[in-house]
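# Would you be able to build a 3D model of this:
(chains A, B, C and D, ligands or ions: 2)
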There are 2 protein chains.
Amino acid sequence: MFQLSKRVEYGLIALSHMAKGQLGQIYTAKEVSERYNLPYDLLAKVMQKLAKRGFISSYQGVRGGYTLVKHPVTLTIASVVDAIEDRPSFAIMQCESHPADSCTIHKQCTIKDPLLKLQGSINKVMEEMTIMELV
Amino acid sequence: MFQLSKRVEYGLIALSHMAKGQLGQIYTAKEVSERYNLPYDLLAKVMQKLAKRGFISSYQGVRGGYTLVKHPVTLTIASVVDAIEDRPSFAIMQCESHPADSCTIHKQCTIKDPLLKLQGSINKVMEEMTIMELV
DNA sequence: CCTAAAACGGACTATTATTGTCGTATTTAA
DNA sequence: TTAAATACGACAATAATAGTCCGTTTTAGG
Ligand code: SF4
Ligand code: SF4
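Ligands and ions are numbered 1, 2, ... in the order given. A predicted model of the protein is given here:
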């Protein structure tokens, strides 16, 4: 519980790697996966998603790869997590990340409202750290 | 990812319920499970663990049950989570909650150190909210 | 003493989420 | 034309969580 998924970790590693180099430099998934010993297929998917979400742009074909689009300072951990995960991602309560009625006790639950405050604090923490601090 | 476990939620619900009443009042697991529609067996285990960790004290036998021992203001979310989960509980990185070498890329990983700062912020948030705010 | 209600605790199953893999299609520089 | 790359979809393997079952122990009260 409360652990960053590997997908997110791989995404953060890839982004921080790209943030090290010059703006506009092209990196391939293979290159990153070998450099950090990450499973290629999984990393590839993560980078594809980051591309789809506009964090990096992709170039197909032989000398293809990815380049960082946004400036590292503007890339918060929160935004990266949100991009990679499909659901409202660091929701600490099931009723926030899933349909509310998927929690069988939603109606009787007395803690969901007060916990929203905790959620807010966590959101803030995740929004305050950026990829810049990872390089 | 990043979701409180049901065990923790049930524990928080139980504690907040007990915090509502008078100090020293006895509550049974059955009573709580019926009041909030929680699966009895699972809740029972959670309360047993809370008893073992000294958050509540238990009385066996016919008119037995649990009473709240610590004052709600001193019961932080962090301490409750730690009591219920076995591992360092809201560790955001596998290498912190599991043996470090269980992460195959631990050695090459460049994000683990910077992420400790994030971890610290999250710890703080979890330590600042108490059961008192749930009643 | 007997009974019933409660905590205690171990083992197990079911369900779900995550992680990793595979196969194939598409694009494109050289 | 080829090879290197992204792009997708489907799948399998693994692990974590949730929930269940079954028994033991304790003890107040009749
Ligand atoms: S309703 Fe209460 S228990 Fe169900 S998910 Fe939301 S917070 Fe957790
Ligand atoms: S080493 Fe890096 S990747 Fe492995 S768990 Fe720790 S942080 Fe995550």
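
# residue contacts, the closest residue to A:Val69 other than its chain neighbours?
Of all residues not flanking A:Val69 in the chain, A:Ser57 sits nearest, at 5.2 Å (CB to CB, 6 or more residues apart in numbering or on different chains). For the C-beta atoms, the positions are set from N, CA and C on the backbone; glycine is no exception. When the contact criterion is CB atoms under 8 Å, 6 or more residues apart in numbering or on different chains, the partners of A:Ser57 are A:51, A:66-67, A:69.

# Point out the residues in chain A that sit beside DNA strand D.
A:1, A:28-30, A:41, A:44-45, A:47-48, A:51-52, A:58-66, A:104 (CB under 7 Å from any atom of the strand).

# hmm, back to that, find me the pLDDT at the residue nearest to A:Val69, would you?
In this prediction, A:Ser57 carries a pLDDT score of 96.

# what's the burial count for the closest residue to A:Val73 other than its chain neighbours?
Nearest in space to A:Val73, with sequence neighbours left out and distances taken as CB to CB, 6+ apart, is A:Met132 at 4.8 Å. Summarising burial for A:Met132: neighbours were counted as other CB atoms under 10 Å in any protein chain shown, giving 15.

# give the contact list for A:Met132.
Contact analysis of A:Met132 by CB under 8 Å, 6+ apart lists A:19, A:72-73, A:75.

# which of those residues tops the neighbour count?
With neighbours set by other CB under 10 Å, the maximum within the contacts of A:Met132 is found at A:Leu75, which has 24 neighbours.

# That residue and A:Glu133 touch, don't they?
No: taking contacts as CB atoms under 8 Å, A:Leu75 lies outside contact range of A:Glu133: 10.2 Å.

# What subset of the residues of chain A next to DNA strand D is buried?
In terms of neighbour count (16 or more other CB atoms under 10 Å in any protein chain shown), the buried residues within those are A:1, A:29, A:44-45, A:47, A:51, A:65-66.

# Report the beta-bridge partner residues of A:Thr76.
With DSSP bridges as the criterion, the beta-bridge partners of A:Thr76 are A:Thr130.

# My read is that it contacts A:Glu127, right?
Yes: counting by CB under 8 Å, A:Thr76 sits close enough to A:Glu127 to count as a contact (5.0 Å).

# what's the next secondary structure element after the helix or strand bottoming out on mean pLDDT in chain A?
Taking mean pLDDT, DSSP states H and E as the measure, chain A has helix A:94-97 as its least confident helix or strand, at a mean of 94. Secondary structure here is assigned by DSSP states H and E; on that basis, the next helix or strand after helix A:94-97 toward the C-terminus is helix A:112-128.

# just how off-centre is that following helix within its chain?
Here the centre of helix A:112-128 is set off from its chain's centre by 18 Å, with CA atoms, centre = their mean, to the nearest Å.

# quick one on the thing from earlier: can I get the contacts of A:Ser57 in a markdown table including secondary structure, distance to ligand 1 and pLDDT?
A markdown table is the format used below for the contacts of A:Ser57 (DSSP: H, G, I helix; E, B strand; the rest coil; distance: CB to the nearest ligand atom, whole Å; pLDDT from 0 to 100):
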| residue | secondary structure | distance to ligand 1 | pLDDT |
| --- | --- | --- | --- |
| A:Ala51 | helix | 33 | 97 |
| A:Tyr66 | strand | 37 | 98 |
| A:Thr67 | strand | 40 | 97 |
| A:Val69 | coil | 36 | 92 |
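
# A:Leu115: which of those is nearest?
Of all those, A:Leu115 sits closest to A:Ala51, with 34.4 Å by CB to CB.

# mind checking how far the residue nearest to the closest one when sequence neighbours are not counted is from A:Leu42?
The shortest distance from A:Ala51 to any non-neighbouring residue, by CB to CB, 6+ apart, is to A:Ser58 (4.1 Å). Taken as CB to CB, to the nearest Å, the spacing of A:Ser58 relative to A:Leu42 amounts to 17 Å.

# on that earlier part again, to which secondary structure element type does the residue nearest to A:Val69 belong?
Of the three states, A:Ser57 takes strand according to DSSP: H, G, I helix; E, B strand; the rest coil.

# Quick check: bridge partners of it?
Checking A:Ser57 by DSSP bridges, which sets the bridge assignment, gives partners A:Thr67.

# Fine by me, we can end here.
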